[in-house]
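Colleague: Here is my input; please provide its structure:
(one chain, ligands or ions: 2)
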Amino acid sequence: MRITDARVIVTCPGRNFVTLKIETDEGVTGVGDATLNGRELAVAAYLTEHVVPLLIGRDPARIEDTWQYLYKGAYWRRGPVTMSAIAAVDTALWDIKGKVAGLPVYQLLGGRSREGVTVYGHANGETADDVLEEVARHRDQGFRAVRVQAAVPGLTGTYGVSKGKLPYEPADAALPGESAWSTERYLNFVPELFARVRAEFGPDLKLLHDVHHRLTPIEAARLGLALEPYALTWLEDPVPAELQEGFRLIRNHTRTPIAVGEVFNSIWDCQTLIGEQLIDYIRASVVHAGGITHLRRIFDFAALHHVRSGSHGATDLSPICMSAALQLDVSIPNFGLQEYMPHTPETDAVFPHGYRFEDGYLHPSEEPGLGVDVDEELAAAYPYRPAYLPVARLEDGTLHSW
Ligand code: KDG
Ligand code: MG
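Modeller: Ligands and ions are numbered 1, 2, ... in the order given. Reported below is the predicted structural model:
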């Protein structure tokens, strides 16, 4: 079997997605997500200009060799654009391999390790009362784990909090918006919020919180310590993670579990974090961390160090990425949690898929391959629209860390 064609499909059914579709001489096709929020066209161009010409004529069964060829052959290794492009190829090749074998991809990864994939939903709101309502709504829908975020009193527009009741979509403007940030107000408010949520919902519901990289290590240590009475499942992205050693300080001060990794694109981004057991959950994703092949390598490395997976699953990761993530989630031994933000009906229609939510779990498709496709005709009806994530400034105007 040979690869005969590969196409990049850019579509915006409510938000932007980039998809790679690979075709073969035997009529079997595969799809891969290549969406990099706010930098979509860079990955599309990388694929079209520099990767697609290298794929034509290759044997699609050689997944590992193709991964190594694209990673090592470029000379320029790693980086989110490169690794999202490699991820798209890798994901599409696993899809093809599953279809050829007549098996869902998780069977090729060693088969099931669990009955369902435990997911967490997002409960967020303008006030603590709104948040309590949202947590209750998620619990009533069957969620066993809920991420809790509220607008910080005194600040306008807190990142990660939706406008009204709509699902939260952070890339919301043709040019980046700006919001104000105060670490003092935030640190004073969050423990009060969790005290209320834990008191209302009892000890069984798993609670999570995302700091979105806004603190320094000592500030994060203070927050982790203050949250210990409320037994969070994890505190996410407490600090920017370029300095992996910075997590030693957090670890030395708090027993609140730490989750990190949604902006990571390679195993080297978390080598110290995992190797020194400085984190508890690694949140890298199929689309941004080099596809199924490389993410499984990260998860296997994590398994040696008591670190579980906690994969990123925001709405900017397409249903193709979610389909692939679930195939991994259900098979690896050290699965922790999977984020689940449902996509809009428009997005679901462009990417018909076979995974389903039931009783707090997502279940992967049982179809051969990944069990997902892209409807190219429908996709063409939603042209690309520039959309950027906002930036945060301190109250005095200083650009704050992301
Ligand atoms: O593209 C950025 C979003 O996916 C991210 O901000 C969402 O932090 C996020 C999360 O945990 O889902
Ligand atoms: Mg996050």
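Colleague: switch to C-alpha atoms for all contacts and neighbour counts from now on
Modeller: Fine.
Colleague: Can you show me the helices along the stretch 201-350 of the chain?
Modeller: Assigned by DSSP state H, counting those that start in this stretch, the helices in the stretch 201-350 of the chain fall at 217-227, 246-253, 271-275, 291-303, 319-329, 345-350.
Colleague: Compare those helices and give me the one nearest residue 356.
Modeller: Evaluated over the helices of the stretch 201-350 of the chain, closeness to residue 356 peaks at helix 319-329, with 10.0 Å, by C-alpha to C-alpha.
Colleague: Give me the angle between that closest one and helix 291-303.
Modeller: Here helix 319-329 points in a direction 40 degrees away from that of helix 291-303 (axes from the mean of the first three to the mean of the last three C-alpha atoms, to 10 degrees).
Colleague: What parts of the stretch 151-300 of the chain come near ligand 1?
Modeller: Contact residues, the stretch 151-300 of the chain versus ligand 1 (C-alpha under 6 Å from any ligand atom): residue 212.
Colleague: can you do 8 Å?
Modeller: 160, 170-171, 210, 212, 236, 262 (C-alpha under 8 Å from any ligand atom).
Colleague: And for the stretch 1-150 of the chain?
Modeller: 36-38.
Colleague: hmm, try it at 6 Å
Modeller: Within the stretch 1-150 of the chain, the positions lying close to ligand 1 (C-alpha under 6 Å from any ligand atom) are residue 37.
Colleague: Give me the nearest residue to the residue of the stretch 1-150 of the chain at minimum distance from ligand 1, chain neighbours excluded.
Modeller: Of all residues in the stretch 1-150 of the chain, residue 37 sits closest to ligand 1, at 5.0 Å by C-alpha to the nearest ligand atom. Using C-alpha to C-alpha, 6 or more residues apart in numbering and skipping the chain neighbours, the partner closest in space to residue 37 is residue 316 (6.2 Å).
Colleague: again, but for residue 170
Modeller: In space, residue 170 is closest to residue 389, 5.7 Å off (C-alpha to C-alpha, 6+ apart).
Colleague: What's the local residue count around the one you found?
Modeller: 18 (other C-alpha atoms under 10 Å).
Colleague: ok, back up a step: the residue of the stretch 1-150 of the chain closest to ligand 1 contacts residue 172, doesn't it?
Modeller: No: using C-alpha atoms under 8 Å, residue 37 is not in contact with residue 172; the gap is 10.8 Å.
Colleague: just to revisit the earlier point, can you report how many residues lie near the residue nearest to residue 37?
Modeller: 20.
Colleague: show me the contacts for it.
Modeller: When contacts are counted by C-alpha atoms under 8 Å, 6 or more residues apart in numbering, residue 316 touches 15-17, 35-37.
Colleague: OK, now which residue of this structure is nearest to ligand 1?
Modeller: residue 314 (4.3 Å).
Colleague: Skip the chain neighbours and tell me the closest residue to that residue.
Modeller: Nearest to residue 314 is residue 341, by C-alpha to C-alpha, 6+ apart, at 5.5 Å.
Colleague: Surely residue 225 and residue 255 touch.
Modeller: Yes: counting by C-alpha under 8 Å, residue 225 touches residue 255, with 7.3 Å between them.
Colleague: Would you check how far apart residue 94 and residue 28 are?
Modeller: Going from residue 94 to residue 28 by C-alpha to C-alpha, to the nearest Å gives 12 Å.
Colleague: One more: residue 177?
Modeller: Using C-alpha to C-alpha, residue 177 is found at 43 Å from residue 28.
Colleague: and residue 32, that's in a helix?
Modeller: No: if the criterion is DSSP: H, G, I helix; E, B strand; the rest coil, then residue 32 is strand and not within a helix.
Colleague: Would you mind naming the residues that bridge with it?
Modeller: Beta-bridge partners for residue 32, by DSSP bridges, are residue 20.
Colleague: pLDDT score for it?
Modeller: pLDDT, residue 32: 99.
Colleague: list the contacts for it?
Modeller: Contacts of residue 32 (C-alpha under 8 Å, 6+ apart): 19-21, 87-92, 320-321.
Colleague: Please apply the same query to residue 148.
Modeller: 122-124, 131, 135, 207-210.
Colleague: now it, what's its secondary structure?
Modeller: strand.
Colleague: what's the answer for the one 10 residues further on, then?
Modeller: Look at residue 158: counting by three-state DSSP, its state is coil.
Colleague: same check, this time on residue 188
Modeller: helix.
Colleague: okay, now it: neighbour count?
Modeller: Applying other C-alpha under 10 Å, we find 14 residues neighbouring residue 188.
Colleague: Just give me the residue closest to the centre of this protein.
Modeller: The residue lying closest to the centre of the chain (C-alpha atoms, centre = their mean) is residue 312, at 2.2 Å.
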